[in-house]
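>>> kindly return the folded structure for what I paste below:
(chains A and B, ligands or ions: 1)
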Amino acid sequence: MESTQATNHVSYLQHKPHKIGILNWILSTDHKRIGLLYLYSIMVFFIVAAFLGLLMRIEKFAPGETIMDAQTYNGVFTVHGIIMIFIIVIPGLAAVFGNFFLPILIGAKDVAFPKLNLFSWYIYIAGAILALISQFASGGAPDTGWTFYVPYSADSSTNVIWALTAAFILGFSSILTGLNFIVTIHRLRAPGMSWFRMPLFPWSIYATSWIQVLATPIVGITLLMVIAERTLNIGFFDPALGGDPILFQHLFWIYSHPAVYIMILPAMGVVTEIFPTFSQKPIFGYSAIALSSVAIAAVGYFVWGHHMFTTGISYWSRWFFSFLTFIVAVPSAIKVFNWISTMYGGSIDLKPPLLWAIGFIFLFMIGGLTGLVLGALATNVHVHDTTFVVAHFHYIIFGGMGFAFFAGLHYWFPKMFGKMYNIKLANISFIITFIGFNVLYFPLFIIGLQGMPRRYFDYFPEYQYGHVISTIGAFILIIGIFIMLFNFFRGARKGEIAPANPWKGVTLDWQIESPPTLLNFDEIPVITEKPYTFKKEEEA
Amino acid sequence: MEDKKHHISSFNSLLMVLIGLFIMTGISVMITEIHFSTFSVGVALLLASIKGYLVLTYFMHLKYDEPIFRIMVFLILLLFAIVIGITFIDYLLR
Ligand SMILES: [Cu+2]
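As a prediction, this is how the structure comes out:
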């Protein structure tokens, strides 16, 4: 379809109703510009939090105090966690690619409530700024870890209240975005697009949105309870006043386990778009993938107790949560099976997006299988609160969600900016990042098994070999990421003009111009067949 | 948007619901004098759910809307009840 290259169409990036440049961004209700607003904010915070992570690794290069004291270290890992979790990975894929591509993939001109969408970004920025203030206000950076466990978070003299309020506000942004997407998917699908003709990224966003809407209020209330505990001394969590500290952990993980799925479901959705395109083959097991997203969202609500096996919850609760944790692994495994089956027998084109997506499967599998070690009652006790947990967590969140995010960026970059990055440099940055990632996190499994606790700024000399390897990995990883970012910036500024459909994709996003026009479609398409229907070569 | 969907509740029915809510609030305050030991949370939650039911049905017009919304709200509350249930059953089993 050469007509999509016509130049008489104004792209969303050229559409500038305001004279002052920045107003075209911060007053825009266009879902694509809002997606980019999130992308840029997330990039900035990612660099900050990654830098904090690097500082932690440098501190642990040698035993004893290396570059910071214990209290600073406590602040640094807390800030690293709060920024990474609440500002980057929870909004992450849904806010960036969900905003940009959900309406396009279902054949809509925008989300259901564009103004609410922009408002959500403002709330997000307000929360992010509060989180930053908590680091620098007098009192010192919060030192509770991103989990805010009582009783310490009720006692610590640092700026815990600021950080709690920040997380509370960020939650609102998440809820409103989820609500917006649910209504969009219910009401704005193109004519003919029944539920089972919807591409799979929207399916994953749909499941994610429900979790955002239903689970986030619980953490909001919980954080308010800690604030009330600190200011009014109510005693929700204080045994001396009839409360229970474990109640906090229940409430916190009732949200924060499903929150892991808020992070990982859209990641699965992104790679599910990538595999069929680069195998030129319909997705294997469409309905299994669609329904497994919903199954993960549903069962994922009832596994939160696996974070609490060592806290003294009852035997039967532990049994129950452990059992369901093993159950929830099944739909994830179904997806992995389907992705691999999609590639099997396809004509594979090993371009950067597919490389990152395969990297995602590999790292996600390591993260998932070590998750079973943590989900089993006996082994959990041994590795609880060790760096084994840290490694598992980063394999899921960074190796899973992070790599899928980068896969999505490489996949949709030509569509978003109408330019192309350098493919060779993208391959190099993938290889360096992939090696750096494993060198950084894999040793943490081993020293974790040997007993290295998490969140310690110091350690016994026998763990040093693991920390040294890990720190070297951190530097390799940072180099890889900077090459990738450099490639994107250069591509966006002076890359080659990208064709409308560089990867021969068949979903709606590839049927429109690059970059899309303000309203995406000249005419709302009528959907007559299932997604991922690849035509024979001669028709293309 | 369509006028048919707009249902205007009579003042009296709203007033009755309001009075009902006040009475329930009174009960939930007075009930703190009685000690239900393990079930005190359950009793408080029960009263709160009845109040929530009244607000949702009349003030938020669920009664006059399409059934799908009632089903969705019910499922969400069911989920919430199960989650709260699991949390507090843990206390009973310890
Ligand atoms: Cu969990």
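>>> residue contacts, the residue in chain B that chain A sits nearest to?
Residue nearest to chain A within chain B (Cβ to the nearest Cβ): B:Leu93, separated by 3.7 Å. Any C-beta I mention is one placed from the backbone N, CA and C, and that applies to glycine too. Residues in contact with B:Leu93 (Cβ atoms under 8 Å, 6 or more residues apart in numbering or on different chains) are A:Ser314, A:Tyr315, A:Trp316, A:Ser317.
>>> nearest residue to whichever residue of the stretch 201-350 of chain A sits closest to chain B other than its sequence neighbours?
Minimum separation of the stretch 201-350 of chain A from chain B (Cβ to the nearest Cβ) falls at A:Ser314, amounting to 3.7 Å. What sits nearest to A:Ser314 in space, not counting adjacent residues and going by Cβ to Cβ, 6 or more residues apart in numbering or on different chains, is B:Leu93, at 3.7 Å.
>>> repeat that for A:Arg230.
In space, A:Arg230 is closest to A:Ala154, 5.5 Å off (Cβ to Cβ, 6+ apart).
>>> mind checking how far the one you found is from A:Ala290?
For A:Ala154, the distance to A:Ala290 equals 43 Å [Cβ to Cβ, to the nearest Å].
>>> and the helices in chain B?
Ranges of helices in chain B, per DSSP state H, are B:11-30, B:40-54, B:67-93.
>>> mean pLDDT and distance to A:Thr222 for these - can I get that in a markdown table?
Below are the helices of chain B laid out as a markdown table (pLDDT from 0 to 100; distance: least, Cβ to Cβ, whole Å):
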| stretch | mean pLDDT | distance to A:Thr222 |
| --- | --- | --- |
| helix B:11-30 | 87 | 22 |
| helix B:40-54 | 84 | 16 |
| helix B:67-93 | 87 | 12 |
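>>> among these, which is nearest A:Ala500?
Across the helices of chain B, A:Ala500 has its closest neighbour in helix B:67-93 (38.8 Å, Cβ to Cβ).
>>> around chain A, which positions in chain B sit nearby?
Residues of chain B that fall close to chain A, judged by Cβ under 8 Å from any Cβ of the partner chain: B:Ile76, B:Leu79, B:Phe80, B:Ile82, B:Val83, B:Ile86, B:Thr87, B:Ile89, B:Asp90, B:Tyr91, B:Leu93, B:Arg94.
>>> now distance to B:Ala44 too, for the residues you listed, in CSV please.
Formatted as CSV, these follow (distance: Cβ to Cβ, whole Å):
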residue, distance to B:Ala44
B:Ile76, 20
B:Leu79, 20
B:Phe80, 15
B:Ile82, 18
B:Val83, 17
B:Ile86, 18
B:Thr87, 15
B:Ile89, 17
B:Asp90, 18
B:Tyr91, 15
B:Leu93, 21
B:Arg94, 21
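>>> out of those, which end up buried?
When those are checked for burial by 16 or more other Cβ atoms under 10 Å in any protein chain shown, the buried set is B:Leu79, B:Phe80, B:Val83, B:Ile86, B:Thr87, B:Asp90, B:Tyr91.
>>> next, count neighbours for the residue lying closest to A:Trp510 once chain neighbours are set aside.
Excluding the flanking residues, the one nearest A:Trp510 by Cβ to Cβ, 6+ apart is A:Asn501, at 4.3 Å. For A:Asn501, the neighbour count with other Cβ atoms under 10 Å in any protein chain shown is 19.
>>> A:Asn501 and A:Ile512 touch, don't they?
No - using Cβ atoms under 8 Å, A:Asn501 is not in contact with A:Ile512, being 9.3 Å away.
>>> roughly how far does A:Val270 sit from A:Ser204?
With Cβ to Cβ as the criterion, A:Val270 and A:Ser204 are 8 Å apart.
>>> then A:Ser153?
The value you get for A:Ser153 to A:Ser204, if Cβ to Cβ is used, is 33 Å.
>>> which of these two has more neighbours?
Neighbour tally, A:Ser153 and A:Ser204, criterion other Cβ under 10 Å: the higher count belongs to A:Ser204, 32 against 25.
>>> contacting residues around that one?
Counting by Cβ under 8 Å, 6+ apart, A:Ser204 touches A:Leu265, A:Pro266, A:Met268, A:Gly269, A:Thr272, A:Ser293.
>>> go again using 10 Å as the cut-off
A:93-94, A:98, A:261, A:264-273, A:289-290, A:292-294, A:296-297, A:335 (Cβ atoms under 10 Å, 6 or more residues apart in numbering or on different chains).
>>> give me the common contacts of A:Val270 and A:Ser204.
Listed as contacting both A:Val270 and A:Ser204 by Cβ under 10 Å, 6+ apart are A:Leu93, A:Gly98.
>>> tally of neighbours for residue 25?
In the absence of a named chain, this looks at chain A. Counted with other Cβ under 10 Å, A:Trp25 comes out at 17.
>>> correction: the question concerned chain B.
For B:Thr25, using other Cβ under 10 Å, the count is 12.
>>> from memory it sits against B:Leu47, does it?
Yes - between B:Thr25 and B:Leu47 there is a contact at 8.8 Å, judged by Cβ atoms under 10 Å.
>>> how close does the residue nearest to A:Ile476 when sequence neighbours are not counted sit to A:Trp319?
Leaving aside its sequence neighbours, A:Ile476 sits nearest to A:Gly436 (Cβ to Cβ, 6+ apart; 3.2 Å). Distance from A:Gly436 to A:Trp319, counting by Cβ to Cβ: 40 Å.
>>> so what touches stretch A:482-491?
By Cβ under 10 Å, 6+ apart, the surrounding residues in contact with stretch A:482-491 are A:43, A:46-47, A:50, A:352, A:356, A:406, A:409-410, A:413-414, A:417, A:419-426, A:428-430, A:432-433, A:495, A:498.
>>> send me that stretch as PDB with only the CA atoms.
Extracted C-alpha coordinates of stretch A:482-491, given in PDB (Å, rounded to 0.1, in the frame of the first residue of the first chain):
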ATOM      1  CA  PHE A 482      23.600   3.900  26.800                       C
ATOM      2  CA  ILE A 483      24.500   2.600  23.400                       C
ATOM      3  CA  MET A 484      20.800   1.700  22.900                       C
ATOM      4  CA  LEU A 485      19.600   5.100  24.100                       C
ATOM      5  CA  PHE A 486      22.200   6.900  21.900                       C
ATOM      6  CA  ASN A 487      21.000   4.800  18.900                       C
ATOM      7  CA  PHE A 488      17.400   5.900  19.600                       C
ATOM      8  CA  PHE A 489      18.200   9.600  19.900                       C
ATOM      9  CA  ARG A 490      20.300   9.600  16.800                       C
ATOM     10  CA  GLY A 491      17.600   7.600  15.000                       C
END
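>>> higher neighbour count, A:Gly436 and A:Trp319?
Here A:Gly436 and A:Trp319 are compared on neighbour count by other Cβ under 10 Å; more neighbours surround A:Gly436, at 20 against 12.
>>> and that one, what helix or strand is that in?
helix A:423-449 (DSSP states H and E).
>>> flag every buried residue along that helix.
A:425-426, A:428-430, A:432-434, A:436-449.
>>> helix or strand for A:Ile234, which one?
Using DSSP H and E, A:Ile234 falls outside every helix and strand.
>>> secondary structure class for the residue nearest to it when sequence neighbours are not counted?
Ranked by Cβ to Cβ, 6+ apart and with sequence neighbours excluded, the top spatial neighbour of A:Ile234 is A:Ala228, at 5.3 Å. Assigned with DSSP: H, G, I helix; E, B strand; the rest coil, A:Ala228 falls in the helix class.
>>> confirm the residue nearest to A:Trp510 sits in a strand?
No - judged by three-state DSSP, A:Asn501 forms no part of a strand; its state is coil.
>>> wait, it sits on A:Gln511?
Yes - applying Cβ under 10 Å as the test, A:Asn501 and A:Gln511 come out as touching, 7.5 Å apart.
>>> one step back: pLDDT at the residue nearest to A:Arg230, what is it?
Here, the pLDDT recorded for A:Ala154 equals 86.
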